[in-house]
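A.B. asks: got a predicted structure plus its sequence, pasted below:
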Amino acid sequence: MQKSNKKAIRINNKADGTYLIVSKYILHNKDLKDFDKILLLSILSDADDFNFNITTYAKRFACERDKISRAVKRLVQAGYMKQKQIDDRFNVWEYVISEYGNLSSEPKEDKPKVEPVAEQPKEPQIEPKDKPASTIDFEAVKQLILKVVNAHFPTMPDPLFVEYIKTTKEAIDSGKVDTIKAFTETTIKKSISKFYTEPKELTAQDVDRMVDLKSNGLSMKDTASLKLRAKDWLKNNPFATEQQLSTEILKGKNTFRKPVQGYND
């Protein structure tokens with residue numbers, strides 16, 4: 001038997017959440033670009049209850065949202081991801097991810113060819129005098145609002161977003177807003193800013209401060225470990241609130257044993 005020219009050194013004792021084991025065929029798939037593979041591995045490394053969000057991954061890889069969207073499209077075409085719109089009113093989607101690449105959509109049936117019909121001359125239409133000068137396409141307005149929210153208010157709570165859409169539709173239906181020119185990215189952004197303030201993004205300094213406040217009873221070594229753990233958690237949850245971070249810190253604190261007090265303490 002010919003001796004191999006390669007020796008692999010592997011870590012057999014892998015701590016939970018630190019290492020990722022996936023199919024090697026992902027790396028060998030010629031239909032995927034390098035970034036597609038990296039994104040797929042990152043998605044598979046996240047916990048099952050971690051919500052898929054394009055903004056989150058764009059921030060994780062320090063790239064534009066469009067780059068993530070294009071990679072997702074290629075992963076869908078390759079069968080590693082599947083998208084399903086569960087609410088077409090507010091553009092809400094759910095995702096299925098498989099490392100087997102077995103989620104390819106079924107082939108579409110060939111539609112029978114239809115011979116073109118000669119266009120008949122249309123009779124001139126007379127516009128009614130009482131027709132408004134312009135009408136508003138609410139679906140177009142809703143899509144523009146969604147674009148502004150994704151770009152400037154990514155952490156806006158869903159109930160607040162739904163309420164804003166509802167209020168906007170009522171204003172259109174009642175005639176309070178009677179021209180499409182009233183809806184631009186600038187005017188929508190100003191309108192949302194009046195009642196919703198983007199929560200402050202937490203930093204590593206915030207982690208240190210909160211851990212110091214809650215680390216009573218821990219040794220200096222355990223306090224330092226708790227800070228590292230909380231910072232890693234914050235990287236995967238960039239839009240977390242102070243309350244969520246505080247809860248995570250307390251959970252982490254409970255995993256450390258309190259130091260035994262000596263006679264000289």
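C.D. replies: Arrived safely.
A.B. asks: the helices in this structure, which residues?
C.D. replies: Using DSSP state H, the helices of the chain run over 25-28, 34-45, 54-60, 65-78, 138-152, 158-173, 185-193, 204-214, 220-236, 242-253.
A.B. asks: can you redo those as JSON lines with mean neighbour count and distance to residue 103?
C.D. replies: Placement of C-beta: from N, CA and C, glycine included. Shown next, in JSON lines, are the helices of the chain (neighbours: other CB atoms under 10 Å; distance: least, CB to CB, whole Å):
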{"stretch": "helix 25-28", "mean neighbour count": "12", "distance to residue 103": "13"}
{"stretch": "helix 34-45", "mean neighbour count": "17", "distance to residue 103": "12"}
{"stretch": "helix 54-60", "mean neighbour count": "17", "distance to residue 103": "18"}
{"stretch": "helix 65-78", "mean neighbour count": "17", "distance to residue 103": "8"}
{"stretch": "helix 138-152", "mean neighbour count": "15", "distance to residue 103": "25"}
{"stretch": "helix 158-173", "mean neighbour count": "14", "distance to residue 103": "26"}
{"stretch": "helix 185-193", "mean neighbour count": "14", "distance to residue 103": "35"}
{"stretch": "helix 204-214", "mean neighbour count": "15", "distance to residue 103": "37"}
{"stretch": "helix 220-236", "mean neighbour count": "16", "distance to residue 103": "24"}
{"stretch": "helix 242-253", "mean neighbour count": "15", "distance to residue 103": "31"}
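A.B. asks: TSV please, covering the ones you listed and showing distance to residue 97 and mean pLDDT.
C.D. replies: Below are the helices of the chain laid out as TSV (distance: least, CB to CB, whole Å; pLDDT from 0 to 100):
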stretch	distance to residue 97	mean pLDDT
helix 25-28	11	86
helix 34-45	6	90
helix 54-60	12	89
helix 65-78	8	90
helix 138-152	21	88
helix 158-173	22	87
helix 185-193	31	89
helix 204-214	29	90
helix 220-236	16	91
helix 242-253	24	87
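A.B. asks: could you dump these into TSV with distance to residue 104 added?
C.D. replies: TSV is the format used below for those (distance: least, CB to CB, whole Å):
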stretch	distance to residue 104
helix 25-28	14
helix 34-45	15
helix 54-60	22
helix 65-78	8
helix 138-152	28
helix 158-173	31
helix 185-193	36
helix 204-214	42
helix 220-236	29
helix 242-253	37
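A.B. asks: among those, which is nearest residue 92?
C.D. replies: Counting by CB to CB, residue 92 lies closest to helix 158-173 out of the helices of the chain; the figure is 8.1 Å.
A.B. asks: which outside residues touch that closest one?
C.D. replies: Contacts to helix 158-173, defined as CB atoms under 8 Å, 6 or more residues apart in numbering, come from residues 89-90, 136, 138, 141-142, 145, 149, 177, 192, 196.
A.B. asks: out of the residues you listed, the closest to residue 220 would be?
C.D. replies: For those, the nearest to residue 220 is residue 196 (41.1 Å; CB to CB).
A.B. asks: mind checking pLDDT for the closest one?
C.D. replies: At residue 196, the model reports a pLDDT of 80.
A.B. asks: that one: neighbour count?
C.D. replies: Per other CB atoms under 10 Å, the neighbour tally for residue 196 reads 16.
A.B. asks: surely it touches residue 154?
C.D. replies: No - at 11.9 Å, residue 196 does not count as touching residue 154 under the criterion of CB atoms under 8 Å.
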